[in-house]
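Undergrad: no sequence for this one, just the structure:
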């Protein structure tokens with residue numbers, strides 16, 4: 001029996017997992033073929049039908065689920081592709097084509113599904129992608145929202161957020177700044193103070209982001225609310241509505257926490273990236289009370305005092321990088337980079353910082369990681385791996 005394709009089953013740059021047929025049973029596209037562009041997806045979604053096994057005939061079209069990755073997936077490669085996919089999703093907004101809203105929603109949902117799949121399959125390396133220095137600057141308006149969504153996906157596992165609530169929160173993180181996309185990359189590189197016009201753009205961008213989403217057919221109240229309120233604060237000092245206390249949803253607070261954290265640890269033209277310890281302290285002491293100390297503490301505990309991708313100095317003189325959080329947030333698992341003698345380890349050795357000789361003495365600049373391949377420290381393959 002032939003059935004229609006489900007939303008999110010096809011994505012640009014990914015292989016099909018099923019043979020796709022016409023209504024008359026003629027093969028349109030073989031299993032394993034690469035999807036080349038959005039136009040191809042639109043045609044296949046409109047005309048394509050697939051044969052499913054009996055065990056696969058449950059309709060998951062309205063149920064948000066993680067993308068299924070294999071054990072040896074490489075988050076560093078996947079996240080780069082996710083940024084490209086987000087750029088393609090944003091292009092639908094300007095296209096004005098009849099199928100743009102459907103394509104936009106499908107792309108955002110697919111990106112969220114992939115981020116959740118990575119968080120479930122390889123959370124430590126995925127957090128490493130947030131803290132590892134970027135080889136090239138790229139587009140801030142693309143990598144900032146992806147990094148925010150990554151943090152939320154990892155934290156959500158502890159909060160027991162799932163299903164549509166999780167999807168809406170991740171989608172809000174990806175789309176919260178749509179209203180300032182035209183200036184976001186420029187502002188990130190700007191050394192001079194904000195102009196009055198730029199201040200207005202910043203203050204009004206949540207409203208504009210919502211307008212854009214609604215123009216693309218997004219009316220889900222949870223998604224819309226999280227975007228509109230991600231700059232609101234418990235004491236009423238936020239914007240655009242000056243909400244207080246329980247008027248602000250947890251989804252909005254999570255987007256806000258991720259947004260603040262990523263902004264603080266990121267490098268700007270007018271300042272260096274804040275050290276992790278400083279960023280964590282600033283969020284908890286200066287801003288945590290404005291978003292709720294309980295949620296803020298849980299959020300920061302999930303990231304860790306020494307999150308994966310943090311360069312550290314150990315008691316034995318080793319320079320190392322954190323690769324795994326532990327129950328004791330002060331004693332993560334590390335991987336050695338070089339010994340006290342200056343000798344670089346050809347095969348990075350594990351360093352359990354709960355042992356006295358490997359205790360962490362200090363966090364050092366992540367610049368030391370720039371020339372290194374992150375794949376080595378997590379034992380990742382230098383190829384993409386998707387479970388079909």
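TA: Structure received. These numbers come from a predicted model, not from an experiment.

Undergrad: before we move on, which element is the spatially most central residue of the chain in?
TA: Centroid-nearest residue in the chain: residue 150, 2.9 Å away (criterion: Cα atoms, centre = their mean). According to DSSP states H and E, residue 150 maps onto helix 140-159.

Undergrad: and that helix, what does it pack onto?
TA: Other elements packing on helix 140-159 under the criterion 3 or more Cβ pairs under 8 Å, 6 or more residues apart in numbering; DSSP states H and E are helix 75-95, helix 100-121, helix 123-131, helix 163-175, helix 181-188, helix 250-265, helix 293-303. Heads up, the C-betas are built off the backbone N, CA and C, glycines and all.

Undergrad: would you turn these into CSV with distance to residue 64, mean pLDDT and mean neighbour count?
TA: Shown next, in CSV, are the helices and strands packed on helix 140-159 (distance: least, Cβ to Cβ, whole Å; pLDDT from 0 to 100; neighbours: other Cβ atoms under 10 Å):
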stretch, distance to residue 64, mean pLDDT, mean neighbour count
helix 75-95, 16, 94, 18
helix 100-121, 7, 95, 22
helix 123-131, 18, 97, 24
helix 163-175, 4, 96, 24
helix 181-188, 25, 72, 16
helix 250-265, 14, 94, 23
helix 293-303, 20, 89, 17
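
Undergrad: Relative to residue 345, which of these is closest?
TA: Counting by Cβ to Cβ, residue 345 lies closest to helix 123-131 out of those; the figure is 17.7 Å.

Undergrad: Residue 4: how many residues sit nearby?
TA: Neighbour count for residue 4, taken as other Cβ atoms under 10 Å: 13.

Undergrad: residue contacts, it?
TA: Residue 4 makes contact with 45, 48-50, according to Cβ atoms under 8 Å, 6 or more residues apart in numbering.

Undergrad: returning to that earlier point: I'd like to know which of the helices and strands packed on helix 140-159 is closest to residue 227.
TA: helix 163-175 (4.9 Å).

Undergrad: Just checking the distance from the closest one to the centre of its chain.
TA: Chain-centre distance of helix 163-175: 11 Å, with Cα atoms, centre = their mean, to the nearest Å.

Undergrad: Check stretch 142-149 too.
TA: 5 Å.

Undergrad: quick one: contacts of it?
TA: Stretch 142-149 has contacts (Cβ under 8 Å, 6+ apart) with 79, 82-84, 86-87, 90, 111-112, 115, 129-130, 134, 170, 173-177, 184, 255, 258-259, 262-263, 266.

Undergrad: again, only this time at 6 Å
TA: For stretch 142-149, the external contacting residues (Cβ atoms under 6 Å, 6 or more residues apart in numbering) are 82-83, 86-87, 115, 130, 170, 173-174, 258-259, 262.

Undergrad: Equivalent analysis for stretch 297-315, please.
TA: Residues outside stretch 297-315 that contact it (Cβ under 6 Å, 6+ apart) are 124, 127-128, 131-132, 155, 158, 257, 276, 280, 320-323, 325, 329, 332, 357-364, 366, 368-369.

Undergrad: quick revisit: please dump the contacts of stretch 142-149 into TSV; it should also carry distance to residue 290 for every row.
TA: Output for the contacts of stretch 142-149, formatted as TSV (distance: Cβ to Cβ, whole Å):
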residue	distance to residue 290
82	30
83	29
86	28
87	32
115	26
130	23
170	23
173	19
174	23
258	15
259	13
262	17
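
Undergrad: which one of these is nearest residue 240?
TA: Sorting the contacts of stretch 142-149 by distance to residue 240 puts residue 259 at the head of the list, at 15.1 Å, by Cβ to Cβ.

Undergrad: Pull the contacting residues for the closest one.
TA: By Cβ under 6 Å, 6+ apart, the contact list for residue 259 reads residue 148.

Undergrad: now do 8 Å
TA: 144, 148, 173, 176, 230.

Undergrad: Then residue 358?
TA: By Cβ under 8 Å, 6+ apart, the neighbours of residue 358 are 314-316, 318, 334, 351-352.

Undergrad: For it, give me the pLDDT.
TA: Reading off the confidence values, residue 358 has pLDDT 98.

Undergrad: Could you find the closest non-adjacent residue to it?
TA: Leaving out its chain neighbours, the residue that sits closest to residue 358 by Cβ to Cβ, 6 or more residues apart in numbering is residue 351, at 4.6 Å.

Undergrad: what does residue 113 give?
TA: Of all residues not flanking residue 113 in the chain, residue 67 sits nearest, at 4.6 Å (Cβ to Cβ, 6+ apart).

Undergrad: That neighbour and residue 78, how far apart?
TA: The gap separating residue 67 from residue 78 is 9 Å, by Cβ to Cβ, to the nearest Å.

Undergrad: Between the two, which contacts overlap?
TA: Shared contacts of residue 67 and residue 78 (Cβ under 8 Å, 6+ apart): 114, 118.

Undergrad: picking up where we left off before, the residue nearest to the centre of the chain is in contact with residue 128, isn't it?
TA: No - with contact defined as Cβ atoms under 8 Å, residue 150 does not count as touching residue 128 (10.2 Å).

Undergrad: ok so, going back, now go through the contacts of residue 4 and say which are in helices.
TA: Taking DSSP state H, the ones among those that sit in helices are residue 45.

Undergrad: Using JSON lines, lay out the contacts of residue 4 together with pLDDT and distance to residue 223.
TA: JSON lines is the format used below for these (pLDDT from 0 to 100; distance: Cβ to Cβ, whole Å):
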{"residue": "45", "pLDDT": "85", "distance to residue 223": "22"}
{"residue": "48", "pLDDT": "88", "distance to residue 223": "28"}
{"residue": "49", "pLDDT": "89", "distance to residue 223": "30"}
{"residue": "50", "pLDDT": "86", "distance to residue 223": "29"}
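
Undergrad: just curious, which of the contacts of residue 4 is nearest to residue 25?
TA: The shortest approach to residue 25 among the contacts of residue 4 belongs to residue 49, at 8.5 Å (Cβ to Cβ).

Undergrad: What's the local residue count around the closest one?
TA: Residue 49: 19 neighbours (other Cβ under 10 Å).

Undergrad: How about residue 50?
TA: When neighbours are defined as other Cβ under 10 Å, residue 50 has 22 of them.
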